[in-house]
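Trainee: test case, fold it:
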Amino acid sequence: MNTDIFTKLAEKYPFITLCVYASQEYVGIIQNQDDIITTIYDFGNLQDLNDKKKFLELANIWWWESNRSIPINIFLKQEWNPFKACLRTFVNKDLEILHGPICSLLEISRKKTKRKSITLVRKID
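Mentor: Residues are numbered from 1 along each chain as shown. The predicted structure follows:
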């Protein structure tokens, strides 16, 4: 995809991610990425114009009304169910994310477990 076209697309739809897997470009929303695999809702897999409009409309709601660290399918629950059919899973070692946000439940759990340890030492004279 032409980078100018994607830059314009990303300005209008900041939640869209562009990635390359096996020399194929995919445009969509990343559901989750962990150490081994990445799962993405593939926008290019949608055939119906109404489905594409609904996809973008719901993704816009998720982007502006959530904290963006919660996957779209968890945030929107039932409204997002029709898009399960366009879910694709890729192995990270062969995947290159060119542009766009990444949602990772693993990062959320890692951030919560990193806590500072403070040791109080009493000074005795």
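Trainee: quick one: the helices in the protein, in order.
Mentor: Defined through DSSP state H, the helices belonging to the chain, from first to last, are 3-12, 49-65, 72-76, 105-113.
Trainee: need the contact list for the residue positioned nearest the centre of the chain.
Mentor: Nearest residue to the geometric centre of the chain (CA atoms, centre = their mean): Ile30, 2.9 Å. Taking CB atoms under 8 Å, 6 or more residues apart in numbering as the criterion, Ile30 is in contact with 17, 38-41, 97, 100-103. C-beta: built from backbone N, CA, C; applies to glycine.
Trainee: dump those residues to a markdown table, plus pLDDT, distance to Trp62 and neighbour count.
Mentor: Supplementary listing: the contacts of Ile30 in a markdown table, determined by pLDDT from 0 to 100; distance: CB to CB, whole Å; neighbours: other CB atoms under 10 Å:
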| residue | pLDDT | distance to Trp62 | neighbour count |
| --- | --- | --- | --- |
| Thr17 | 91 | 13 | 22 |
| Thr38 | 94 | 18 | 23 |
| Thr39 | 94 | 15 | 18 |
| Ile40 | 95 | 14 | 27 |
| Tyr41 | 95 | 11 | 25 |
| Ile97 | 91 | 19 | 19 |
| Gly100 | 86 | 14 | 20 |
| Pro101 | 87 | 11 | 15 |
| Ile102 | 88 | 14 | 13 |
| Cys103 | 85 | 10 | 26 |
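Trainee: pick the most deeply packed of the helices of the chain.
Mentor: helix 72-76 (a mean of 19; mean count of other CB atoms under 10 Å).
Trainee: so what secondary structure elements neighbour that helix?
Mentor: Packing contacts for helix 72-76, counted by 3 or more CB pairs under 8 Å, 6 or more residues apart in numbering; DSSP states H and E, involve strand 24-33, helix 49-65.
Trainee: in JSON lines, list these along with mean pLDDT and distance to Leu76.
Mentor: Conversion of the helices and strands packed on helix 72-76 to JSON lines gives the following (pLDDT from 0 to 100; distance: least, CB to CB, whole Å):
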{"stretch": "strand 24-33", "mean pLDDT": "92", "distance to Leu76": "11"}
{"stretch": "helix 49-65", "mean pLDDT": "93", "distance to Leu76": "6"}
